[in-house]
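[1] Structure for the following, please:
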Amino acid sequence: MTPTVVTMAITDIVAGVLLILLCLPLLKRWIPMNGLYGFRFRQSFTSEENWYRINEYGAQRMILWSLGIVFFGLMLFMPAFYKNPGILVLCSLAPLLVIVPAIESYRFARLLGKLDGE
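    Numbering: from 1, shown residues only. A predicted model of the protein is given here:
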C-alpha cells in the first residue's frame, strides 16, 4: 500500500466521521436558528419548527451518506480494492457524496415550503 492510498483512506474516514459528529447536534435539535451552522435554506428561516425539521432531516441524510464515505475509506485498506485503479478513483471522489444529502435536504425544505403555502 502506497502512502497516497493510506492518505486517501484516512482522509475519507476522517471526513466521514467529522461530518457525522457535526450532524449529531442538528439531529438532536440542539442548534437554534442561526446564520452559520445547519442546513440554511430560505424555508429553514420561516419558522423554528421548519428550522428543526429541515436540520433534523438533513442531519439524518448526511449521517447516512457519511457512513458511505467512511466505508470507502475502510475499503482502501483491503488489497483487493487498493490495487484496483477504478476503485481508487471512486474512493478519492467519495467525499463528494455530501452533495446527495444536500440536494435531498433542499428538496425536503422546498416540500415543507409548499406545505406551508409559500
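
[2] in the helix ranked longest in the chain, what's buried?
    As far as residue count goes, and with DSSP state H defining each element, the longest helix of the chain is helix 48-75. Residues 50-63, 65-66, 69-70, 72-73, 75 are the ones in helix 48-75 that count as buried (16 or more other CB atoms under 10 Å). C-beta coordinates here come from the backbone N, C-alpha and C atoms, glycine included.

[3] In the chain, where is pLDDT below threshold?
    In the predicted model, the chain carries pLDDT under 70 at residues 117-118.

[4] what ranges do the strands span in it?
    If you assign secondary structure with DSSP state E, the chain ends up with no strands.

[5] So for it, the centremost residue is which one?
    Centre of the chain computed as the mean C-alpha position; nearest residue by CA atoms, centre = their mean is residue 62, 3.1 Å away.

[6] so who does the nearest residue to that one once chain neighbours are set aside touch?
    In space, and not counting its chain neighbours, residue 62 is closest to residue 101: 4.3 Å by CB to CB, 6 or more residues apart in numbering. Residues near residue 101 by CB atoms under 8 Å, 6 or more residues apart in numbering: 58, 61, 62, 64, 65.

[7] Cheers, nothing more for now.
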